[in-house]
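> quick one: sequence plus predicted model below, questions after.
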Amino acid sequence: MKDGVNGVALGVFIFFFLAVTVLGFLAARWRRADNEHSLDEWGLGGRSFGTWITWFLLGGDLYTAYTFVAVPAAVYAAGASGFFAVPYTILVYPLIFTFLPRLWSVSHRHGYVTTSDFVRGRFGSKGLSLAVALTGILATMPYIALQLVGIQAVLDVMGVGGGDTTNWFVKDLPLLIAFGVLAAYTYSSGLRAPALIAFVKDALIYIVIGVAIIYIPIKLGGFDDVFAKAAHAFSQVNPATGKPRGALAPPEAGQWTYATLALGSALALFMYPHSITATLSSRSREVIRRNTTILPLYSLMLGLLALLGFMAIAAGVKVTNGQLAIPQLFEDMFPDWFAGVAFAAIGIGALVPAAIMSIAAANLFTRNIYKDFIKPDATPKQEAQVSKFVSLLVKVGALVFVLTMDKTVAINFQLLGGIWILQTFPALVGGLFTRWFHRWALLAGWAVGMVYGTAAAYGVASPTQKHFGGPAKDIPGIGEIGYIGLTAFVLNVAVTVVLTFVLKAVKAPEGVDETRPADYTADAGDPGVQAELPPATAGSTH
């Protein structure tokens, strides 16, 4: 690590940061609608984005600064097991091709802004809708915090903020400034700000990865040397565990963990509120279908990105915090000016998803807590104002989380967030295809999955942590170690199915379904407004 502040890298970083700040504020005038005081405009960009804007927005939303830092950091720490993110992003796109267009259509027809809006309309249950909303908010908060952790990692490597003995305010001032700018342009421009900035963010990331995957191996003697040095490093015994540090390929004993973690993560990814917010901002269902076919380009980038973990080992990068491995690799291997470009890619890669996540969480609170339970007669303008204010509170909460707690706590809660958000899958995706599930059964299944997943994760220890030490544990009845979230999901579905049979047998009230089969295939401009249709019956199916 270089001593002092890397002035050249910092200067380049500040240049790009100022550029996207200007773009963030200018976005308020981009595609401005006649009536900008509504959640459709502020929180969904007027539902007007085409194929490429949606592609950049979803890419900026899903492939975050934490992805940029954490995926190769996992490879750096443990080897090929860190590559699980690549197969799960391959699995996810055929999956979302089946249900995201249906969600877009029914949301467009009924004006749904959140997944909880759909769940309430489909099952006639505010309680189930509230459960989905609270889960989404809880799962999103640590995710936002991790974006700030990504920015902080870059600032640490550049030497900004001083050392551990520096006054806390001076040390964290750069992060506070970045937070303030993010909060200001998100409040002003809504979803249009990250949509516009995503162009810069993704361009920088593709440039940095393209250069890194060619330039760094050449400096290290080629990929043969990179893999040889990584294999030697992974063969060394870790004193804390008494086992080898990792492996270039997952051992047989870890294959269940690898496979279930990839599958469970794929199922969970588009349950996150920010993923749905970016999806619903598009102008047609065809835009969604096109995006499911071109988004895998990011998976190619992710596979190349993961290789940086091996390169960090081969380059002799030594860090106590694995999250610093890739920023440190960039500073060690790149000229200062290009290191600044790489740091800017990570920093901006944090701003885009943090903005979308805070908007998504705010929309959930506004539509499914404030409007449903506090002020049912809220006007569209009031909804927009409340959502703007809550988006600030969400970011403040994330900032406090980062500044006051150990960084591993944020990572632990992000792992928990993945377990939690997966438990909304039966209500959301199941509801898009059938009305058979009973609303009370879905709520009970959600509760069982949440309790089991949280308790199981709490019981996982690691050499450095007593609780929440990892996402995997023994699968009951199988004897293999697998992803806790997927086990909880299976229990969730089992409880939901059994209770649905029971509740239907006793003829428990099912609630009113306000949707129609045609709503799930409707496109923008299709004739037929839902308000003109007669009320749906409680047991309607399609």
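Sure thing, it's come through. Residues are numbered from 1 along each chain as shown.

> CA atoms for contacts and neighbours, from now on please.
Noted.

> so G482 is in which element?
Assigned by DSSP states H and E, G482 falls within strand 481-483.

> give me the residues contacting that strand.
G254, W256, T257, Y258, T260, L261, G264, P471, A472, K473, D474, I475 (Cα atoms under 8 Å, 6 or more residues apart in numbering).

> then stretch 120-136?
By Cα under 8 Å, 6+ apart, stretch 120-136 touches 115-117, 119, 272-273, 361, 364-365, 368-369, 372, 420-421, 424, 431, 435, 438-440, 442-443, 510-515.

> show me those that map onto helices.
Counted as lying in helices by DSSP state H, out of those, are 115-117, 119, 273, 361, 364-365, 420-421, 431, 439-440, 442-443.

> of those, keep whichever come out buried.
Among the ones in helices among the contacts of stretch 120-136, those classed as buried by 16 or more other Cα atoms under 10 Å are 115-117, 119, 273, 361, 364-365, 420-421, 431, 439-440, 442-443.

> from the residues you listed, which two are the most distant?
Between any two of these, the greatest separation by Cα to Cα is 24.5 Å, found for A361 and W440.

> quick one, helices of the stretch 151-300 of the chain?
Assigned helices in the stretch 151-300 of the chain, in chain order: 168-189, 192-220, 223-235, 255-269, 273-280, 285-294, 296-306 (criterion: DSSP state H, counting those that start in this stretch).

> by contact count, what packs against the fifth one?
Counting by 3 or more Cα pairs under 8 Å, 6 or more residues apart in numbering; DSSP states H and E, the packing neighbours recorded for helix 273-280 are helix 51-62, helix 85-110, helix 126-157, helix 336-365.

> mind checking which of these is nearest D224?
Going by Cα to Cα, the one of the helices and strands packed on helix 273-280 nearest D224 is helix 85-110, 21.8 Å.

> quick check: mean pLDDT of that closest one?
Averaged across helix 85-110, the pLDDT comes to 92.

> in it, which residues are buried?
For helix 85-110, by 16+ other Cα under 10 Å, it's 85-93, 96-97, 99-110.

> now it and helix 273-280, what's the angle there?
Per axes from the mean of the first three to the mean of the last three Cα atoms, to 10 degrees, the angle that helix 85-110 makes with helix 273-280 is 60 degrees.

> what angle sits between helix 85-110 and helix 285-294?
Helix 85-110 and helix 285-294 are oriented at 180 degrees to each other (the same axes, to 10 degrees).

> tell me the bridge partners for the residue nearest to Q236 when sequence neighbours are not counted.
Distance criterion Cα to Cα, 6 or more residues apart in numbering; nearest residue to Q236, sequence neighbours excluded, is P244 at 5.3 Å. Beta-bridge pairing of P244 under DSSP bridges involves V237.

> which element is F401 on?
Here F401 is assigned to helix 380-404, by DSSP H and E.

> rewinding a little: redo the helices and strands packed on helix 273-280 as CSV? Include distance to N238.
Below are the helices and strands packed on helix 273-280 laid out as CSV (distance: least, Cα to Cα, whole Å):
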stretch, distance to N238
helix 51-62, 33
helix 85-110, 24
helix 126-157, 25
helix 336-365, 30
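
> mean pLDDT lowest where, among the helices of the stretch 151-300 of the chain?
Lowest mean pLDDT within these: helix 168-189, a mean of 79.

> please save the CA atoms from it in CSV.
Output in CSV follows, covering the C-alpha atoms of helix 168-189 (Å, rounded to 0.1, in the frame of the first residue of the first chain):
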residue,chain,number,x,y,z
TRP,A,168,-13.9,10.5,13.3
PHE,A,169,-15.4,13.4,11.6
VAL,A,170,-12.3,14.2,9.5
LYS,A,171,-11.9,10.4,8.7
ASP,A,172,-15.5,10.0,7.5
LEU,A,173,-15.9,13.4,5.9
PRO,A,174,-15.4,12.2,2.3
LEU,A,175,-18.1,9.5,2.9
LEU,A,176,-20.4,12.1,4.4
ILE,A,177,-19.9,14.4,1.4
ALA,A,178,-20.6,11.5,-1.0
PHE,A,179,-23.7,10.6,1.0
GLY,A,180,-25.0,14.2,0.9
VAL,A,181,-24.6,14.5,-2.8
LEU,A,182,-26.4,11.2,-3.4
ALA,A,183,-29.2,12.2,-1.1
ALA,A,184,-29.6,15.6,-2.8
TYR,A,185,-29.9,14.5,-6.4
THR,A,186,-32.0,11.4,-5.5
TYR,A,187,-34.5,13.7,-3.7
SER,A,188,-34.4,16.2,-6.7
SER,A,189,-34.5,13.8,-9.7
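
> tell me what it is packed against?
Checked by 3+ Cα pairs under 8 Å, 6+ apart, helix 168-189 has helix 7-26, helix 126-157, helix 192-220, helix 336-365, helix 380-404 packed alongside it.

> report the angle between that helix and helix 380-404.
Interaxial angle, helix 168-189 versus helix 380-404 (the same axes, to 10 degrees): 160 degrees.

> contact partners of stretch 452-461?
416, 419-420, 466-473, 484-485, 487-488.

> which positions within it qualify as buried?
Neighbour-count burial for stretch 452-461 [16+ other Cα under 10 Å]: Y452, G453, T454, A456, A457, Y458, V460.

> with distance to P327, secondary structure and pLDDT as extra columns, can I get the residues you listed in TSV?
Converted to TSV, the buried residues of stretch 452-461 look like this (distance: Cα to Cα, whole Å; DSSP: H, G, I helix; E, B strand; the rest coil; pLDDT from 0 to 100):
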residue	distance to P327	secondary structure	pLDDT
Y452	37	helix	96
G453	33	helix	95
T454	32	helix	94
A456	33	helix	94
A457	30	helix	92
Y458	31	helix	90
V460	29	coil	86
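
> which one of those residues is nearest to L393?
Nearest to L393 among the buried residues of stretch 452-461: T454, at 25.2 Å, using Cα to Cα.

> mind checking how far the closest one is from W446?
T454 sits 12 Å away from W446, going by Cα to Cα, to the nearest Å.

> do Y272 as well
Relative to W446, and taking Cα to Cα, Y272 is found at 15 Å.

> quick one, which of those two is more surrounded?
Using other Cα atoms under 10 Å, the more surrounded residue of Y272 and W446 is W446, with 30 against 25.

> could you find the closest non-adjacent residue to F56?
Looking at F56 with Cα to Cα, 6+ apart, the closest residue is A198, at 5.7 Å.

> thinking again about what came up before, now, among the contacts of strand 481-483, which is nearest to G180?
P471 (33.0 Å).

> and that closest one, how many neighbours does it have?
21.

> which one of the buried residues of stretch 452-461 sits closest to F13?
A457 (37.9 Å).

> still on that earlier bit, which of the contacts of stretch 452-461 are buried? Put it as a PyMOL command.
Buried residues within those, by 16+ other Cα under 10 Å, are selected in PyMOL with:
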select buried, resi 416+419+420+468+469+470+471+472+473+484+485+487+488
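
> which of the contacts of stretch 452-461 fall in strands?
Secondary structure assignment by DSSP state E places A472, K473 of the contacts of stretch 452-461 in strands.

> what's around L503, how many residues?
By other Cα under 10 Å, the burial measure for L503, its neighbour count, is 17.

> show the pLDDT at the residue lying closest to it once chain neighbours are set aside.
The shortest distance from L503 to any non-neighbouring residue, by Cα to Cα, 6+ apart, is to H438 (7.2 Å). Per-residue confidence (pLDDT) for H438: 97.

> which phi and psi does H438 have?
The phi and psi values for H438, taken as degrees, to the nearest 10, are phi -80, psi 140.
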